[in-house]
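> show me the folded form of this:
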Amino acid sequence: MKLLSLNRIFISIATLALSHSPAWAQSGPVLDRVKSGGAIVIAHREASVPFSYFDANKKPVGYAVDLCMKLAQTVGTKLGIKTVPLSFLAVTPASRIDTIAQGKADMECGGTTNNKERREKVSFTVPHFITGVRMLVKASTNVERIEDLAGRTIAVTKGSTAQKAVDTANKERLIGVKLVEVKDHTEAVDLVEKDQAAAYMTDDVILFSLAATRPDPKSLKVVGKFLTIEPLAIILPKNDPEFKKIVDEEMKRMIRTREIYPIYDKWFTQAIPPKGITLNLPVSYLLRDFWKYPTDVVPF
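Residues are numbered from 1 along each chain as shown. From the prediction side, this is the model:
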């Protein structure tokens, strides 16, 4: 009985020691590189306001960029490194998944939906926003539903979840719309303003920001019911569990301590660069409810 008790004590001590192992014991592709003095590579978007975009000085800024920089700092702290070098790499909707999957970047900091298909190639951390696909149209039109676009052209970003949602709705509802693929948001809005597309469909938060940043914001409007529910999250490498663990734990900590809320407000309820626009988008009830029990697991 005494021997059994001692064994249990030794096992408990060993378990406690492992759970408080020093930073150098943590390993993995990203962590090993950072410990050797390498940079954390942050993939960012050029025009995904307010998540990730260039400011007037061509510097990457945005809500997701701020989060990624805090996460990178936490990785350094866990590894006992005071300042982790950061490197930035611009990506497009079509290239963002492969950029992480191929190891060209460590985090994609934008407005990317966590879904089953993408999880085949990459991982995601806890969602930082929840949105859904709607339509951006000219304010002068009477379009309110996707059915109002029957027989017309809709712009969609190549490789986006919106593209698949619109394609599915088109087939199921026999609307007969024509889809035109664009490389980014800017190209899509240009098509709408020039009447070369009747609508641009993507996450509504992006549509609101696109309208707000145009020379005449009132010339465009966001309409329609949600075609999808989109949990947006930072992309991580699929096979690097130690790196993901640090990122996930820090995201959950920021949410539980409400440290994430001032970061959110900075980009969604206050004036943002470069034009000082305000999106006026407080935390939605969907996101607030999801953050009550923050997790990287989503039912999509």
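
> helix, strand, or coil at the residue nearest to the spatial centre of the chain?
Of all residues in the chain, the one closest to the mean position by Cα atoms, centre = their mean is G111, 3.3 Å from it. Assigned by DSSP: H, G, I helix; E, B strand; the rest coil, the conformation of G111 is coil.

> just give me the neighbour total for Q73.
17 (other Cβ atoms under 10 Å). Using the backbone N, CA and C atoms, a C-beta is placed for each residue, glycine as well.

> cool, and I154?
I154, neighbours per other Cβ under 10 Å, totals 27.

> for E249, helix, strand, or coil?
Classified using three-state DSSP, E249 is helix.

> if I look at it, how far off is M69?
Distance, E249 to M69, using Cβ to Cβ, to the nearest Å: 17 Å.

> looking at the two, which is more packed in?
Neighbours per residue (other Cβ under 10 Å) separate E249 from M69, with M69 holding more: 17 against 14.

> surely that one is in a helix?
Yes: assessed with three-state DSSP, M69 lies in a helix.

> bridging residues for the residue nearest to it when sequence neighbours are not counted?
For M69, ignoring the flanking residues on the chain, the nearest one in space by Cβ to Cβ, 6 or more residues apart in numbering is L86 at 7.0 Å. With DSSP bridges as the criterion, L86 is bridged to I40.

> burial count for L86?
A count of nearby residues for L86, using other Cβ under 10 Å, gives 16.

> buried residues in stretch 174-190?
For stretch 174-190, the neighbour count (16 or more other Cβ atoms under 10 Å) marks 175, 177, 180, 182, 184-185, 187-189 as buried.

> next: stretch 53-67.
Buried residues in stretch 53-67 (16+ other Cβ under 10 Å): 53-54, 60-67.

> repeat that for stretch 87-104.
91-93, 95-97, 99-101.

> where does the prediction get shaky in the chain?
Segments of the chain classed as low confidence (criterion: pLDDT under 70) are 1-25.

> please parse it into its domains.
27-130+231-290, 133-228 (automatic domain parsing).

> now those in CSV, with distance to V297?
Shown next, in CSV, are the domains of the chain (distance: least, Cβ to Cβ, whole Å):
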stretch, distance to V297
domain 27-130+231-290, 9
domain 133-228, 18
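
> so which of these gets nearest F300?
Closest of these to F300 is domain 27-130+231-290, at 5.0 Å (criterion: Cβ to Cβ).

> about what we covered before: the buried residues of stretch 174-190: which two are farthest apart?
Pairwise distances among the buried residues of stretch 174-190 were taken by Cβ to Cβ; the largest, 24.9 Å, belongs to I175 and D184.

> what's the burial count for A150?
A150: 14 surrounding residues under other Cβ under 10 Å.

> typo on my end, it should be Q196
When counting by other Cβ under 10 Å, one arrives at 11 neighbours for Q196.

> next one: the one 5 residues further on
Other residues within reach of M201 by the criterion other Cβ under 10 Å amount to 29.

> am I right that it is in a strand?
Yes: judged by three-state DSSP, M201 forms part of a strand.

> quick check: bridge partners of it?
Counting by DSSP bridges, M201 forms beta bridges with M135.
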